[in-house]
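J.: With the sequence up front, the predicted model follows.
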Amino acid sequence: MGIAATAVFPTATPPLTPRHHLSPSPPIPIPISISNSKLSVSASLIPTPNHPPQRSAPNSSFTVLEKKSSTPAPDSIPTSRGGESKDAGLTLKDYFEQCGELLVRCRWDGGGARWFSPLPLDCATHSRLKHSPLLLSLPGVDGVGLGLLLQHQRLGQIFDIWCLHIPLTDRTSFPDLVKLVESTVRLEHSRTPNRPIYLVGESFGGCLALAVAARNPDIDLMLILANPATSFSKSALQPETLVPLSTMMPEQLRSSLLYMLSLLSGAPVKMMTSAAGKRLPLDQLITEISQDTVAMSSYLSVLSDILTAETLRWKLNMLKSAAGFANSRLHAVKAQTLILASGQDQLLPSREEAERLRQVLPKCEIRVFSDSGHALFLEDGFNLVSILTGASFYRRGGRHDYVLDYVPPTPSEFQRVYEPQRWIETATNPVMLSTLESGKIVRSLAGIPSEGPVLYVGYHMMLGFELVPLVSRFWMERNILLRGIAHPMMFTKLREGRLPALSAFDTFRIMGAVPVSAANFYRLFSSKSHVLLYPGGMREALHRKGEEYKLFWPEQSEFVRMAAKFGAKIVPFGSVGEDDVGQLLLDYNDLRNIPYFKNSIEELTEEAVKLRNEAVGEVANQDVHLPIILPKVPGRFYYLFGKPIETQGRKQELKSREKAQELYIEVKAEVEKCLGYLKEKRENDGYRNIFARLAYQARHGFDCEVPTFDI
């Protein structure tokens, strides 16, 4: 159940004298320094009131937790393309090598459990976000503490990471381990009471995190539990089964048990599929798989040398004790919890357990990874930072701030979000037009302002079809991340029911969407963001038959004076093409006449947060429904961004409601003008039909730019 390949007991403890408790002043451990690898690890004593964690220089014998940098930490991460994490170069091979070396170095340590910082001193704090919360990584039953190895560099940008290492000789009971972690939590909470503390627990560590949270309901804890072992009683891996089996096995066959359990964890299979997914030449592919296999075999060989029946019994009984301890105290857990469950976990019924815990814990969300095995943190492509961003689970203060706590994606993270949606852009081959300062229209985004704050105000196509090409082109062509103002239903539900799970909107949150509110507008403008706004909102995106390209804006301005306060440029834009990809068969009015759909609409609307309750006219019609659309042979999407409208220097002028309303009407007229221009011009596009485009690309290459109408 640990995250290592052997899962249940990957870093077993040799049969030395048990340590039944930890003294108030633990013995000084030997330093942990993994050489010849991409990651350097140094250990520290567990902080206690009498022995707080020391901050020392790189050559310190055992403490590396923080180093002051001459470069101040940023208040927020810039909302443009982030740099790639160095973790991108780490693989399962590195994990197995470093775990094996750590096992060998610490085998005869003799010290107790300890915290260590997994990041080198020269980069531990240099780029970390200001006021980053503490993250305590609690290991699986292996106790190694390197389970998050592939995530460390990226996590280190937004967290102060400490990992718990439980040496091989340690025999501390589960209740004492709980007290151990609890003492650290309380000490750090006393130092920074206004910041949350994150407990990341994998398998056994999940039980440890729940137990600590149950005993400390008044401390602001955030729990991230990956396949928690609270369901251990339902696993086939029981002490009564495996211990006799291990005892009966000859010494030379004991490694076979490790290989069997490593297969159940899913790590070897993922190791090969990860290599295959890189699309390397055959010789390089064979070399990489061979190196990974050798590293895993070497690691398992180290385990087979130290795994005894007594060790196995201790580890399994520890799991049993941890599960019972945590389950008996679930009622006392008040912490916000995110459970990460694997759909293909062969060691624990993790998916079912996640649902059970969601029903028991008061503030619990789950994310299911249907194709993943037990060793979730070792999965290729698994990115914990993206998951936290998508779940709005990262914060530095008492409440989540959708602007200041937002972590923009790196290029590779963007690609993982974009690839499943890429077919939309491929099918519609969008034409992007913008307007230069001179008023000239060009086929590019050259007319888009580089510096924020900028507010893009436009027409919302049916179901937001235009969003994927719009956001992706801004990202790829201009290195601009659009922060969309979104409906609150993407962030919260009034109650469970027919609405999609909040996880269905994770992609929007990863790409920077924020719930509509004056406070979020203010923060976005103050951080010089590029903000995307659809004043017509849901009413426009769920329009009726015959209402294509009709604006449903509020009568009074909602954004002009806020934009003027920060001198934001306003860019009106239009987008057309929805009628070329689908035909509206049943709209809101049709569905209301069918009893089943009428009841469904009422239930959906009751679950969603209400907007514009005080508004008048059609824009106030916010009933949630899903229209029935008949797909068409794809046509083409067209976008036109008008000339930016300056508000810089007009703050006093636009404080007047009358002047603000005049500018509001001007922006609306410009959007309608853009729509009219595109609707007229597309009639002269010889490549409006997908077949004409495919024929052109077949002759000139599929990466070429397909021509359009004359501008």
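T.: Done, it's in. Numbers count the residues shown, from 1 in each chain.

J.: quick one: the helices in the stretch 401-550 of the chain?
T.: With DSSP state H, counting those that start in this stretch as the criterion, the stretch 401-550 of the chain has helices at 411-418, 422-428, 467-478, 506-510, 518-526, 537-541.

J.: tell me the SS of His152?
T.: For His152, the reduced secondary structure class is helix; criterion used: DSSP: H, G, I helix; E, B strand; the rest coil.

J.: can you pull the pLDDT of it?
T.: The predicted local confidence for His152 comes out at a pLDDT of 91.

J.: same thing with Pro250?
T.: In the predicted model, Pro250 carries a pLDDT score of 51.

J.: now swap in the one 3 residues further on and tell me
T.: At Leu253, the predicted lDDT confidence score is 45.

J.: before we move on, what about Pro453?
T.: What the model reports for Pro453 is a pLDDT of 97.

J.: And for Arg422?
T.: Reported pLDDT at Arg422 in the predicted model: 94.

J.: Any idea how many residues pack against the residue nearest to Pro488 when sequence neighbours are not counted?
T.: The shortest distance from Pro488 to any residue that is not its chain neighbour, by C-beta to C-beta, 6 or more residues apart in numbering, is 3.9 Å, and that residue is Val609. The way it works is simple: take the backbone N, C-alpha and C, and place the C-beta from them, glycine included. Applying other C-beta atoms under 10 Å, we find 15 other residues in the vicinity of Val609.

J.: Test my guess that Val609 contacts Met489.
T.: Yes. The pair Val609 and Met489 passes the contact test of C-beta atoms under 8 Å, sitting 5.9 Å apart.

J.: shaky segments in the stretch 101-250 of the chain?
T.: Under the criterion of pLDDT under 70, the regions of the stretch 101-250 of the chain flagged as low confidence span 104, 106-110, 121-127, 236-250.

J.: And the stretch 601-711 of the chain, by the same measure?
T.: Residues of the stretch 601-711 of the chain meeting the criterion pLDDT under 70: 612-620.

J.: Show me where it has its helices.
T.: In chain order, the stretch 601-711 of the chain shows helices spanning 657-681, 690-700, with DSSP H, counting those that start in this stretch as the criterion.

J.: Turn these into TSV, including distance to Arg114.
T.: Converted to TSV, those look like this (distance: least, C-beta to C-beta, whole Å):
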stretch	distance to Arg114
helix 657-681	60
helix 690-700	60
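
J.: returning to that earlier point: among the helices of the stretch 401-550 of the chain, which is the most enclosed?
T.: For these, average neighbour numbers computed from mean count of other C-beta atoms under 10 Å are highest in helix 537-541, which has a mean of 23.

J.: For the helix or strand following it, list every residue counted as buried.
T.: The first helix or strand that comes after helix 537-541 along the chain, using DSSP states H and E, is helix 560-565. Neighbour-count burial for helix 560-565, counted by 16 or more other C-beta atoms under 10 Å, picks out 560-565.

J.: ok, now stretch 312-322?
T.: Neighbour-count burial for stretch 312-322, with 16+ other C-beta under 10 Å as criterion, is recorded at 312-316, 318-322.

J.: One more: stretch 168-182?
T.: Using 16+ other C-beta under 10 Å as the test for burial, stretch 168-182 gives 168-174, 177-182.

J.: so which of those residues comes closest to Cys704?
T.: Nearest to Cys704 among those is Val181, at 58.2 Å by C-beta to C-beta.

J.: The closest one against Gly205, yeah?
T.: No. With contact taken as C-beta under 8 Å, Val181 and Gly205 are classed as non-touching, separated by 9.5 Å.

J.: Against Gly497, how distant is Met222?
T.: Look at Met222 and Gly497: by C-beta to C-beta, to the nearest Å, they are 27 Å apart.

J.: Oops, could you answer that again for Gly145 instead?
T.: Looking at Gly145 against Gly497, where the rule is C-beta to C-beta, the gap reads 42 Å.

J.: okay, these two: which has more neighbours?
T.: More neighbours surround Gly145 than the other of Gly145 and Gly497, with 28 against 11 (other C-beta under 10 Å).

J.: May I have the secondary structure class of the more buried one?
T.: Taken by three-state DSSP, the conformation at Gly145 corresponds to coil.
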